[in-house]
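In: Kindly return the folded structure for what I paste below:
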Amino acid sequence: MFAIRFYAIYFPMRISTLLLVLSSLATMAEAQVTFQQIPGLAFFDNQGYLNGVSWVDVDNDDDLDVCVTGSGGAFPNFTNISAIFINNGNETFTNTGLLNSSQNNTMRHGWADYDNDDDLDLYIAATWNSNGINQIWENNGAVNFALTPNTGATPNISQPFEGTVSWADYNNDGWTDIFLPRWNDQKNRLYRNTGNGNFTEVTAGAIVNDLAWTSGGFWGDYDNDRDQDLFVVNYQIGASAPGNNHLFRNNGDGTFTKNTTAGQVVTIQQNGRSANWADVDNDGYLDIFVCNQFGQDQLHLNNGDGTFTTELIGATNHTSWSSNWGDYDNDGDLDLITLGFWNTDSRFWQNDGQGNLTDITDIHPNIFPTQTSGSNSNGIVWVDYNRDGWLDLHITQPDALPDRFYENEKTSCRSWLEIKCIGQVSNHAAIGTTVRAKALVGGIPVWQMRQVSAQTAATGTNPMLLHFGFDDAAVVDSLVVEWPSGKTCVFTQFPVNQIVDIKENCTVKVTQSAAPLPGSSQSVSLCIPADTVQLVSPSPLGGTWTASCGSCIDPNGVFDPQNLPLGGYLVRYQQGGICDATLDTFWVNLLAPPTLVLSGDTTVNAGTSVSLDASGASTYLWTPSGSLSCADCSNPVFTADSTTVFVVNGVDAFGCMDMDSLTVTVLPEIKFDMPNAFTPNGDGKNDEFGPAFKNEIFLEYHLRVFTRWGQQVFESNSPIEPWDGKIGDLALPSDVYVYIFDYTLSDGRSGQEKGEVNLLR
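Out: Residues are numbered from 1 along each chain as shown. Okay, here's the model as predicted:
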């Protein structure tokens, strides 16, 4: 469980170097991660020269498939051996035969959902020395690809030699664009995706007008302003090598500014071959690593102000063809492998979390045997191919030598998290999305950062599934997802050791759940308003209390519901690290009291039976109960005798209570009497004749009086006009008179009364 909350995040620039170095040394001493080669995994590498390899989820089934591009045979009679291998889910792969490309000398490739239909499409580069034309293959779903026609302004062009493919949504319009580096002192090309299946070539700016021998272009947001900047690696500029590299800062308006004051990152002249963006020192900014031919590799650490500090890595007069970064030992930082070329060694570098790299090649001799080290290894990918949370290693080789695939043998007790980001307003492959994660690594709070990229190495592309290692952390304290659209999702107390999809609307889907830690689980319901409550864990003292609502829990386990909205809150009590952790969880529900609804006649006549009804709760108690048929039911019957105020207490299934009242007004009995005599003598007593009644009970009234011989002497239509014993102004003598009284009462009854009345004087 986790909770979504939104707040400002502060990313520390640097954590104590000494503490992290000591932690790293202790970790290395405890357990060294090893690799075991799996010889059965080969993806055409033993049949020719693979120029590109990538691991992507082609069919959206949450496991990773393999794409290779390359050629067999010999110049000029190359044969195409590009293919997509679908993961069968059991650590085996099947060649789909999908890529029936007409290009015989296919080079590198790149993936992006360029049409935003929620599956990844493929761009293949083919070198012009075999009359090759680059191709877009559209993924139509159900493991079905179609070659798009070469019409209009499309990037289906010839591309000299290197064939590096660089997808990114540089203008943040939700559609991925493509940069194509070119060789032979030619202009590079940038194509803007118009969103209708076509592209428009960008022709303005130094980014597409500089002349160079460009090995590759690498997109990354180095200044954290949520747009993609571009690092261009040049082998040479002009007629002779070497050349300096270029850094283009995205201005956010569709244009770029060449950064010429960033430091040696743009001034050192080398024969550049490839590069990688990675936050090497965990300071929240992307650094850039550059591989060089006949020179020395360089790590340019981002200072956060538009400049870089350069460190030289490895031997001089060395050729590194490609490189890639991954946290292979899940200790909370990115480690590096460089692939040697032209008979120079490949190297394995371990990171201490501050960007200080230690050469550990000799610790892994099986990864770099003589057949690989110095044999022109070509493609490199870090990938968790079996979804166990540990990065495995795939190295391809040219010259009909087989792939080398190494499964990570892992160590116990190190946590991890893998995240697939899914754009909705942003491009759907979420390229350019930045994910930051904070956890206690060795007891120290450490922020890490990853960015979704369509190209993590010149010759090999890591999955767009972002991988984090957290060493002994049992939970990710904060997880922040920054989308190119400007949207930010923030999660707290995020579980580790699981694989999840996160959409731009901040919803999370777990595609592989973490194994549960031992511990208890309790549910607590509190009715609002409520006082603080002491949560009690069965585990011993000394653990740590955390909650999805932040400061609502104190270090002693006292939960404070004040000012919290209704809903559920996850509280965790944890002891130990990921190895020996126990985790007691509390789900605290803040509940509203029931809303009682009372109904029934509120104005009745005396003696009437009235059904009173209450709803909204589970149990009820009525008071006073003496005149009710039941006191603890929802629908008691009241026999009306007098006006009564009923108070009802309702309790719902969670024990929350509400109180309401209902007043039943009882009307007096509706009746009247007709006197049999009256004495109109002016003494104020019995001077008039009419019905005797109380209150206003008549809706209709008609009284007539007659002599015994049938002469009408009086008529009235109002109860306030009785007979005074006269006819006009003449007083009638004592006698017996006859009356007829027609009426309608307030309760709806109608009738007629006939009788005699004695007039006495």
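
In: how close does the most centrally placed residue in the chain get to residue 475?
Out: By CA atoms, centre = their mean, the chain has its centre lying nearest to residue 506, at 2.2 Å. Counting by CB to CB, to the nearest Å, the gap from residue 506 to residue 475 is 19 Å. (Glycine included, C-beta is placed from N, CA and C.)

In: Next: residue 598.
Out: Residue 598 is 48 Å from residue 475, where distance means CB to CB.

In: Could you do residue 233 as well?
Out: Distance check for residue 233 against residue 475: by CB to CB, it reads 39 Å.

In: my guess is residue 108 is in a strand, correct?
Out: Yes: applying DSSP: H, G, I helix; E, B strand; the rest coil, one finds residue 108 inside a strand.

In: my read: the residue nearest to the centre of the chain touches residue 489, true?
Out: Yes: the pair residue 506 and residue 489 passes the contact test of CB atoms under 8 Å, sitting 3.9 Å apart.

In: higher neighbour count, residue 598 and residue 475?
Out: Counted by other CB atoms under 10 Å, residue 598 and residue 475 do not tie: residue 475 has more neighbours, with 22 against 17.

In: Just the pLDDT for that one.
Out: pLDDT for residue 475: 86.

In: who's it bridged to?
Out: Note on residue 475: beta-bridge partners by DSSP bridges are residue 495.

In: and it, what does it touch?
Out: 439, 493, 494, 495, 496, 546, 572, 574 (CB atoms under 8 Å, 6 or more residues apart in numbering).

In: Measure how buried the closest residue to the fifth one other than its chain neighbours is and give me the count.
Out: In space, and not counting its chain neighbours, residue 496 is closest to residue 415: 3.9 Å by CB to CB, 6 or more residues apart in numbering. Other residues near residue 415 come to 27 when the count uses other CB under 10 Å.

In: And residue 415, how far from residue 382?
Out: Separation of residue 415 from residue 382 (CB to CB): 18 Å.

In: What is the neighbour count of the residue nearest to residue 255 when sequence neighbours are not counted?
Out: Excluding the flanking residues, the one nearest residue 255 by CB to CB, 6+ apart is residue 205, at 6.0 Å. Residues within reach of residue 205, counting by other CB under 10 Å, total 16.

In: Cross-check the contact I'm expecting between residue 205 and residue 253.
Out: No: using CB under 8 Å, residue 205 is not in contact with residue 253, being 11.5 Å away.

In: Could you report the distance from residue 698 to residue 111?
Out: Residue 698 is 91 Å from residue 111, by CB to CB.

In: and the contacts of residue 475, which are buried?
Out: Neighbour-count burial (16 or more other CB atoms under 10 Å) applied to those gives 439, 493, 494, 495, 496, 546, 572, 574.

In: Among these, which one lies nearest to residue 83?
Out: residue 496 (35.4 Å; CB to CB).

In: ok, now which ones touch residue 270?
Out: By CB under 8 Å, 6+ apart, residue 270 lies in contact with 242, 243, 245, 290, 292, 293, 295, 296, 298.

In: Widest-spaced pair of the residues you listed?
Out: 243 and 296 (15.5 Å).

In: who's more crowded, those two?
Out: Taking neighbours as other CB under 10 Å, residue 243 and residue 296 compare with residue 243 leading, 21 against 16.

In: quick one: that one and residue 215 touch, right?
Out: No: counting by CB under 8 Å, residue 243 stays clear of residue 215, with 9.8 Å between them.
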